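>>> Let me see the structure of the following:
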Amino acid sequence: MQVAIVWFRNSLRIHDNPVLSWACKSESVDFVLPIYIFDEEIHQGSTHSMGEHRLRFQFDCVEDLQQNLKHKFDLDLHIFSGDCLEVLQSIRGQLQPFEVTLLEEFSTAPRERKQSESIERKLINVDQNWSAKSFPSCQTILDIGAVVNSPGYRPPKSMKDMVRLFRTKFGDFDNIVFKTNDPDLSPSESKQGLSVKSEHLISLDEIRPLLSAPGYFRGGENEAITRLEKKVTSQHDYVRRFNKPKSISSNVQGNPMEPSTTGLSPYISTGCLSIRRLWNSCSEIQQSSEHTVPPVSIHGQILFREMFYLLSGSVENWDQDSGNSQCKEIEWGELDHELLESWDTGQTGFPLIDAMMRQLNTTGWMHHLGRHAVSCFLTRGQLWQNWTHGRDIFERKLIDSDWALNNGNWLWLAGVAPFSMPYYRIYNPCPDSKSSLNVETKDAEFIRHWVPELSEFPSKYIFEPHLAPLQIQESAGCLIGKDYPNPIVDRKESRKKNLESFKLSLEKLR
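From the prediction side, this is the model:
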């Protein structure tokens, strides 16, 4: 008798789940045991690596997964809290009569690789009844391991590299539709579930009181499918004309919470939505008429994601600022805790930067051009802080946090990677209507919502309120330096100084 343990880690969904599909369809499997592990202690609202919004979103995803497994397959998701190895060892004795196959997803993240290595060494290799099976392409289209280890592989450095790779492997973009792994079984084919006990078992009802209230983005596969339908499959013109760099960074006018992009990134990063399903949805729409192409199209954004996964799986020290072939070792300034805290809390005195950071702190999400603005500001633009400090804050707070992508984007925007924009292209943190950051400046609704201290300021001064005459500040009910901070740096002087420092660092590397 064989038991398949389906370990849900980064693919918290039923549809197009290769791990679940294999377990349900394999003729050698008699019982299926679905598990999820909260592998960090949950304090009031957060864990060590997850802030309150990221943890809440993750909780929603797990709750939705539990309900879907029960409803569609009559399988009980066993939810544990504790070290992954200890959890598996705690149920080992109860599975003693069976042959056990631990099914898990391939990952490039060091933390998950170390967990898998520890389990292999201390459990799989010492118990002849246990084996492990890893599944590629659960979170990506490409088999990352296979591509990285293929003859002639070279780390991609541009969209041209990725387009060439995809066309070589799959053919013409407009004709690519990927096969999905949907375990659509009849009742007679369903596998029997298994129940185990453990001191590490925990119910969602025990966790829920520790969490913050649900946010604007609700986690879960059902929410993901609803948003996919609303923003993609029912919006053919939107998909065909999609141009990521031209989307509005200050969100939908009239709703400062709703992205002008698809807003699907949190659902893709947690695996609530299959990346293949998103690709196929766009392909079906684009086959019938003219449309945008990579890098600006939705397909182009998926290619960027695949590129960062390839790099994260092939570049040593991908998440470090030294010993990393994709990172120039710039001599950043000493960590300035006051500057970092001002940036983190949205108290820099630059309203666009503060609005974006407050949006992150309130919702766990930020538009990609907002991320461009705040990361440039923290690093080469104004504050001259090491990109890893911002990376760590994003990692903890973003509900779409993804180790491969978070590091890739910070390397890119700090100007230190081969695929970065030129380091001397600095985003103006006080934009006008012509800025490439695509900020709505006429009414400045986004700023007024997230920085309510400035809600009565005329739009003329709202991006640089410290320049407003005193009488305007008084009539707006906000004195700069008292009710809202003065700029923490002189943006023009710091920009000039930082460009000189960056150039000097580059010269030393030659």
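>>> buried ones in the longest helix anywhere in the chain?
The longest helix of the chain (DSSP state H) is helix 52-73. Within helix 52-73, the residues scored as buried using 16 or more other CB atoms under 10 Å are 52-66, 68-69, 73. Quick note: C-beta positions are derived from backbone N, CA and C, even for glycine.
>>> Also stretch 253-271?
For stretch 253-271, by 16+ other CB under 10 Å, it's 256, 259-271.
>>> Return the alpha-carbon coordinates of it using CSV.
Taking Å, rounded to 0.1, in the frame of the first residue of the first chain, the C-alpha atoms of stretch 253-271 are listed here in CSV:
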residue,chain,number,x,y,z
GLN,A,253,-8.7,56.7,-10.8
GLY,A,254,-11.5,56.8,-8.2
ASN,A,255,-10.1,53.7,-6.4
PRO,A,256,-6.7,54.2,-4.9
MET,A,257,-6.7,50.5,-3.9
GLU,A,258,-7.2,48.9,-7.3
PRO,A,259,-4.2,48.4,-9.7
SER,A,260,-4.2,49.7,-13.2
THR,A,261,-2.5,46.4,-14.0
THR,A,262,-4.0,42.9,-13.5
GLY,A,263,-3.3,42.7,-9.8
LEU,A,264,-2.6,39.0,-10.3
SER,A,265,0.9,39.0,-8.9
PRO,A,266,0.0,38.0,-5.3
TYR,A,267,-2.0,35.0,-6.7
ILE,A,268,0.9,33.9,-9.0
SER,A,269,3.5,34.2,-6.3
THR,A,270,1.5,32.0,-3.8
GLY,A,271,0.6,29.6,-6.6
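>>> Any stretches of this protein with poor pLDDT?
Along the chain, segments meeting pLDDT under 70 span 183-189.
>>> go with 80
173-175, 182-190, 288 (pLDDT under 80).
>>> Could you pull out the strands in it for me?
Along the chain, counting by DSSP state E, strands occupy 2-7, 31-38, 78-81, 99-105, 130-135, 192-193.
>>> and the fifth one with strand 99-105, angle?
Between the axes of strand 130-135 and strand 99-105, defined by axes from the mean of the first three to the mean of the last three CA atoms, to 10 degrees, the angle is 30 degrees.
>>> Name the residues that touch strand 130-135?
Here strand 130-135 makes contact (CB atoms under 8 Å, 6 or more residues apart in numbering) with 18-19, 22, 92, 99-106, 116, 119-120, 123-124.
>>> CA atoms of stretch 60-78 as CSV?
Presented in CSV, the C-alpha positions along stretch 60-78 are these (Å, rounded to 0.1, in the frame of the first residue of the first chain):
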residue,chain,number,x,y,z
ASP,A,60,-6.5,33.1,3.2
CYS,A,61,-4.8,31.0,0.6
VAL,A,62,-4.5,28.0,2.9
GLU,A,63,-8.0,28.3,4.1
ASP,A,64,-9.3,28.4,0.5
LEU,A,65,-7.2,25.4,-0.4
GLN,A,66,-8.5,23.5,2.6
GLN,A,67,-12.1,24.1,1.5
ASN,A,68,-11.4,23.3,-2.2
LEU,A,69,-9.7,20.0,-1.4
LYS,A,70,-12.6,19.0,0.8
HIS,A,71,-15.3,20.1,-1.6
LYS,A,72,-13.8,18.7,-4.8
PHE,A,73,-11.9,15.6,-3.6
ASP,A,74,-13.2,14.9,-0.2
LEU,A,75,-9.6,15.2,1.1
ASP,A,76,-8.7,16.8,4.4
LEU,A,77,-5.8,19.3,4.3
HIS,A,78,-3.6,18.6,7.4
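>>> Distance from that stretch to the middle of the chain?
23 Å (CA atoms, centre = their mean, to the nearest Å).
>>> what do you get for stretch 238-246?
Computed by CA atoms, centre = their mean, the chain-centroid distance of stretch 238-246 equals 20 Å.
>>> Same check on stretch 46-54?
Per CA atoms, centre = their mean, the displacement of stretch 46-54 from the mean C-alpha position of its chain is 14 Å.
>>> Need the distance between the two termini of it.
Terminal residues of stretch 46-54 lie 8 Å apart, using CA to CA, to the nearest Å.
>>> for the residue nearest to residue 341 when sequence neighbours are not counted, what are its contacts?
Of all residues not flanking residue 341 in the chain, residue 347 sits nearest, at 7.9 Å (CB to CB, 6 or more residues apart in numbering). Counting by CB under 8 Å, 6+ apart, residue 347 touches 341, 354, 485.
>>> which among those end up buried?
Buried members of those, scored by 16+ other CB under 10 Å, are 354, 485.
>>> Can you flag which of the contacts of residue 347 belong to helices?
Residues of the contacts of residue 347 located in helices (DSSP H): 341, 354.
>>> which among the contacts of residue 347 gets closest to residue 475?
residue 485 (19.7 Å; CB to CB).
>>> my read: the closest one touches residue 346, true?
No: between residue 485 and residue 346 there is no contact under CB atoms under 8 Å: 9.9 Å.
>>> For the stretch 301-450 of the chain, just list every one of the helices.
Counting by DSSP state H, counting those that start in this stretch, one finds helices in the stretch 301-450 of the chain at the ranges 337-345, 351-363, 368-376, 387-397, 403-413, 445-450.
>>> Export these as TSV, with columns for distance to residue 179.
TSV is the format used below for these (distance: least, CB to CB, whole Å):
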stretch	distance to residue 179
helix 337-345	44
helix 351-363	35
helix 368-376	29
helix 387-397	33
helix 403-413	24
helix 445-450	41
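>>> nearest to residue 2, of those helices?
Once those are compared by CB to CB, helix 403-413 is nearest, at 32.5 Å.
>>> nearest residue to residue 66 other than its sequence neighbours?
Of all residues not flanking residue 66 in the chain, residue 77 sits nearest, at 4.2 Å (CB to CB, 6+ apart).
>>> which residues sit in contact with that neighbour?
Neighbour list for residue 77: 8, 34, 35, 36, 62, 65, 66, 69, 70 [criterion: CB under 8 Å, 6+ apart].
>>> With residue 14 as the reference, measure out to the last one.
Okay, so that is residue 70. Taking CB to CB, to the nearest Å as the measure, residue 70 falls 11 Å from residue 14.
>>> Inside helices: which ones of the buried residues of stretch 253-271?
Per DSSP H, the subset of the buried residues of stretch 253-271 in helices is 265, 266, 267, 268, 269.
>>> what residues are up against the last one?
Counting by CB under 8 Å, 6+ apart, residue 269 makes contact with 399, 400, 401, 402, 405.
>>> count of neighbours near the second one?
I take that to be residue 400. 21 (other CB atoms under 10 Å).
>>> In ChimeraX, how would I select just the buried ones from the contacts of residue 269?
A single ChimeraX command is used to select the members of the contacts of residue 269 judged buried by 16+ other CB under 10 Å:
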select :399,400,401,402,405
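>>> Go through the contacts of residue 269 and name the one nearest residue 438.
Once CB to CB is applied, the member of the contacts of residue 269 that ends up nearest residue 438 is residue 400, at 19.6 Å.
>>> Now that the closest one has come up, it's in contact with residue 271, right?
No: using CB under 8 Å, residue 400 makes no contact with residue 271, being 11.5 Å away.
>>> how about stretch 498-510: buried residues?
So for stretch 498-510, counting by 16+ other CB under 10 Å, buried means 498, 501, 502, 505.
>>> Quick one: those as a markdown table, columns for distance to residue 191 too.
Output for these, formatted as a markdown table (distance: CB to CB, whole Å):
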| residue | distance to residue 191 |
| --- | --- |
| 498 | 59 |
| 501 | 61 |
| 502 | 57 |
| 505 | 58 |
